[in-house]
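Enquirer: Give the three-dimensional model of this entry:
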Amino acid sequence: MNFTKVQGAGNDFILVEASEVNLDWSQMAVAMCGRHFGIGADGLLVLLPSHLADFQMHIFNP
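Expert: Prediction:
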């Protein structure tokens, strides 16, 4: 899975484009955002396809 880590205003997030990926993102956020055994971040941003805009974004804060 490809991801980008972004930060701003003292917070850091993992950004995933999930157009082809169907996962339990709540559990993935806990695993990926862990600072000791995961990538480490304050939250997970998941970009999904949208019919009304360029994309829709879901934010998961574990």
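
Enquirer: which element is L23 on?
Expert: Using DSSP states H and E, L23 maps to neither a helix nor a strand.

Enquirer: What is the neighbour count of it?
Expert: 11 (other CB atoms under 10 Å). Glycine gets a C-beta too; all of them are placed from N, C-alpha and C.

Enquirer: give me phi/psi at it?
Expert: Its backbone dihedrals place L23 at phi -130, psi 170, with angles given as degrees, to the nearest 10.

Enquirer: The protein: helices as residue ranges?
Expert: With helices called from DSSP state H, the chain shows them at 25-33.

Enquirer: Would you mind listing where it has pLDDT under the threshold?
Expert: Residue ranges of the chain with pLDDT under 70: 20.

Enquirer: Show me the strands in it, by range?
Expert: 4-8, 11-17, 43-48, 56-60 (DSSP state E).

Enquirer: Against which helices or strands is the first one packed?
Expert: Okay, so that is strand 4-8. strand 11-17 (3 or more CB pairs under 8 Å, 6 or more residues apart in numbering; DSSP states H and E).
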